[in-house]
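A.B. asks: this one's sequence-less:
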């Protein structure tokens with residue numbers, strides 16, 4: 001019997017020599033995962049995608065990607081509290097990517113270079129009324145217009161912008177920035193009617209021949225609380241104080257100002273008082289700092305500017321340049337309880353910053369529309385109980401931020417568009433999360449986050465100049481390049497380079513890679529070495 005040879009040498013290039021795919025028990029598959037920044041963004045921005053354009057230096061493409069979801073990037077880059085950065089996987093390596101800083105840079109670049117968005121070429125023949133020109137109203141109008149609908153915004157105030165104009169101080173949001181981004185929305189053909197209050201929404205819809213309505217009435221009424229006060233006590237609410245900076249001029253507050261409350265509006269009121277000449281501005285808050293609703297950066301900047309905080313305190317009486325406060329203590333559930341210990345503080349004015357409400361008087365008599373605890377109840381698509389009337393922003397149950405409102409406007413626009421077309425809105429499929437443990441972080445060099453410069457402290461308390469400055473081009477580019485592209489291929493070529501079977505082909509022009517399964521034997525090296533966790537190994541059927 002003839003013995004079999006120990007080895008058989010095959011010609012190079014023959015199918016038996018190279019087609020090793022039959023050995024495979026698992027195969028690699030390129031996947032798309034939901035980056036944590038995208039998932040955390042209330043405006044629904046595709047953050048990773050616009051960062052991808054920005055890190056290549058193509059700022060206009062990055063801005064245009066941003067504008068698909070958010071028409072106010074220069075505003076958002078200043079006032080958003082960037083939950084995307086809290087969620088960023090890079091925070092477990094060194095610091096979160098400065099997403100908000102890059103967003104502001106792109107927004108400012110667009111204003112500087114005059115980038116615009118083209119209006120739609122065709123019209124649907126439908127007309128939508130938007131009540132309110134704050135972030136939710138502007139966002140809805142922008143997206144509805146791009147979807148081909150005619151849009152009219154009616155605003156009760158003299159100027160558009162809602163609480164962005166009448167509630168956010170100049171030192172956080174310069175008005176030329178706000179105006180530039182509003183003008184870009186209006187340039188699409190959106191009609192704006194200011195000084196036009198809507199008192200009856202159904203009558204306005206009927207008389208104007210509107211096919212649908214989006215209610216975006218912000219929370220512009222300051223909540224009042226009963227404080228025993230003498231005849232000479234000067235008490236006003238924070239919303240009126242901040243709004244007065246835009247209209248008739250600020251009230252006389254005196255040298256010593258007490259602000260009652262613990263939210264961001266309280267911080268803005270105290271910081272505004274300092275800029276108006278108050279030598280003492282004290283925030284009276286009944287809980288501790290860890291329970292304060294104001295964001296940490298707001299509190300920190302206020303403290304830097306000389307604002308004092310009386311923690312665990314509540315105002316019991318105000319009169320004649322003086323207030324009486326009572327010390328509180330937290331019970332087991334964290335609720336403040338009085339102690340019977342009192343203290344007097346000098347205060348020429350008391351500013352109440354105890355929350356805000358929406359004026360819902362325009363909804364009287366609307367059938368099937370439900371209001372609960374001062375907010376309008378809406379379905380998942382933001383339609384109220386009355387058909388064709390949608391609502392969003394501060395007037396519905398949600399966190400009250402500009403970013404959330406912009407997200408509501410986009411969501412409402414998509415559902416209104418579907419309603420007008422008589423078909424359901426079907427959002428796209430959701431990808432699984434791109435968790436940190438999927439990443440190969442050793443591929444990424446240490447790169448601590450860029451720090452935004454700030455106005456000198458001496459100027460901060462004497463002017464309303466913008467406090468936080470923007471990044472320059474070099475630091476914005478550096479910051480964009482810190483993105484680890486969690487869960488999605490960014491064509492680093494690692495898989496292409498490490499594959500021992502040359503089974504991976506690069507397609508080029510941003511199209512990624514393809515795997516020739518005739519040659520891939522499922523070793524998993526490509527998946528193990530992918531920096532962003534964009535390859536899964538799945539069992540063969």
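C.D. replies: Looks like it came in fine. What you are looking at is a predicted structure, and each value in this text was computed from that prediction instead of being measured.

A.B. asks: so the closest residue to residue 523 other than its chain neighbours, which state does it fall into?
C.D. replies: Excluding the flanking residues, the one nearest residue 523 by CB to CB, 6 or more residues apart in numbering is residue 500, at 6.7 Å. For every residue, glycine as well, the C-beta is placed using N, CA and C. Here residue 500 is coil, with the state taken from DSSP: H, G, I helix; E, B strand; the rest coil.

A.B. asks: by mean pLDDT, point me to the weakest helix or strand of this protein.
C.D. replies: Least confident helix or strand, the chain: helix 15-18 with a mean of 45, by mean pLDDT, DSSP states H and E.

A.B. asks: so residue 94 is in which element?
C.D. replies: Using DSSP states H and E, residue 94 falls within no helix or strand.

A.B. asks: verify the contact between it and residue 446 for me.
C.D. replies: Yes: counting by CB atoms under 8 Å, residue 94 does reach residue 446; the two are 5.8 Å apart.

A.B. asks: who has more neighbours out of the two?
C.D. replies: Counted by other CB atoms under 10 Å, residue 94 and residue 446 do not tie: residue 94 has more neighbours, with 14 against 7.

A.B. asks: which residues are in contact with that one?
C.D. replies: By CB atoms under 8 Å, 6 or more residues apart in numbering, the contact list for residue 94 reads 446-449.

A.B. asks: which residue packs closest to residue 432, ignoring adjacent ones?
C.D. replies: Excluding the flanking residues, the one nearest residue 432 by CB to CB, 6+ apart is residue 33, at 5.7 Å.

A.B. asks: pretty sure that neighbour sits against residue 436.
C.D. replies: No: Residue 33 is beyond contact range of residue 436, at 11.6 Å (criterion: CB under 8 Å).

A.B. asks: higher neighbour count, those two?
C.D. replies: Using other CB under 10 Å, the more surrounded residue of residue 33 and residue 436 is residue 33, with 22 against 17.

A.B. asks: ok, now how distant is that one from residue 39?
C.D. replies: 10 Å (CB to CB, to the nearest Å).

A.B. asks: residues shared between the contacts of the two?
C.D. replies: Joint contacts of residue 33 and residue 39 (CB under 8 Å, 6+ apart) are residue 433.

A.B. asks: what's the single longest helix in the chain?
C.D. replies: Using DSSP state H, we find that the single longest helix of the chain is helix 402-421.

A.B. asks: and the next helix or strand past it?
C.D. replies: Using DSSP H and E, the helix or strand that follows helix 402-421 in sequence is helix 457-460.

A.B. asks: quick one: list the elements packing against the helix or strand just after that next one.
C.D. replies: Sequence-wise, the next helix or strand downstream of helix 457-460 (DSSP H and E) is helix 473-480. Other elements packing on helix 473-480 under the criterion 3 or more CB pairs under 8 Å, 6 or more residues apart in numbering; DSSP states H and E are helix 47-55, helix 99-113.

A.B. asks: can you give me the buried ones in the last one?
C.D. replies: Residues of helix 99-113 classed as buried under the neighbour-count rule (16 or more other CB atoms under 10 Å) are 99-111.

A.B. asks: what of the shortest one?
C.D. replies: Judged by neighbour count using 16+ other CB under 10 Å, the buried positions of helix 47-55 are 47-55.

A.B. asks: next, the buried residues of the next helix or strand after that helix.
C.D. replies: For helix 47-55, the succeeding helix or strand toward the C-terminus, using DSSP H and E, is helix 59-67. When burial is assessed from 16+ other CB under 10 Å, helix 59-67 yields the following buried residues: 59, 62-67.

A.B. asks: what about stretch 393-413, average pLDDT?
C.D. replies: For stretch 393-413, the mean pLDDT works out to 96.

A.B. asks: give the contact list for residue 312.
C.D. replies: 285-288, 327-330, 336.

A.B. asks: look up how far residue 262 lies from it.
C.D. replies: Separation of residue 312 from residue 262 (CB to CB): 11 Å.

A.B. asks: and for these two, which residues touch both?
C.D. replies: Contacts common to residue 312 and residue 262, judged by CB under 8 Å, 6+ apart, are 285-287.

A.B. asks: tell me where the stretch 101-250 of the chain has helices.
C.D. replies: Counting by DSSP state H, counting those that start in this stretch, the stretch 101-250 of the chain has helices at residues 135-146, 163-166, 175-186, 201-208, 238-244.

A.B. asks: out of these, which one sits most buried?
C.D. replies: Most buried of those, by mean neighbour count (mean count of other CB atoms under 10 Å): helix 135-146, with a mean of 29.

A.B. asks: okay, the angle between that helix and helix 402-421?
C.D. replies: Per axes from the mean of the first three to the mean of the last three CA atoms, to 10 degrees, the angle that helix 135-146 makes with helix 402-421 is 40 degrees.

A.B. asks: what helices or strands is helix 135-146 leaning on?
C.D. replies: Judged by 3+ CB pairs under 8 Å, 6+ apart, helix 135-146 is in contact with strand 127-131, strand 150-154, helix 175-186, strand 212-215, helix 402-421.

A.B. asks: reformat the ones you listed as TSV; add distance to residue 226.
C.D. replies: Listed next are the helices and strands packed on helix 135-146 as TSV, based on distance: least, CB to CB, whole Å:
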stretch	distance to residue 226
strand 127-131	32
strand 150-154	34
helix 175-186	35
strand 212-215	30
helix 402-421	30
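
A.B. asks: what sits against residue 202?
C.D. replies: 365-366.

A.B. asks: confidence score at it?
C.D. replies: pLDDT for residue 202: 97.

A.B. asks: so how far is residue 412 from it?
C.D. replies: Computed as CB to CB, the residue 202 to residue 412 distance reads 18 Å.

A.B. asks: does residue 208 touch residue 129 like I think?
C.D. replies: Yes: contact criterion CB under 8 Å: residue 208 and residue 129 qualify, at 6.1 Å.
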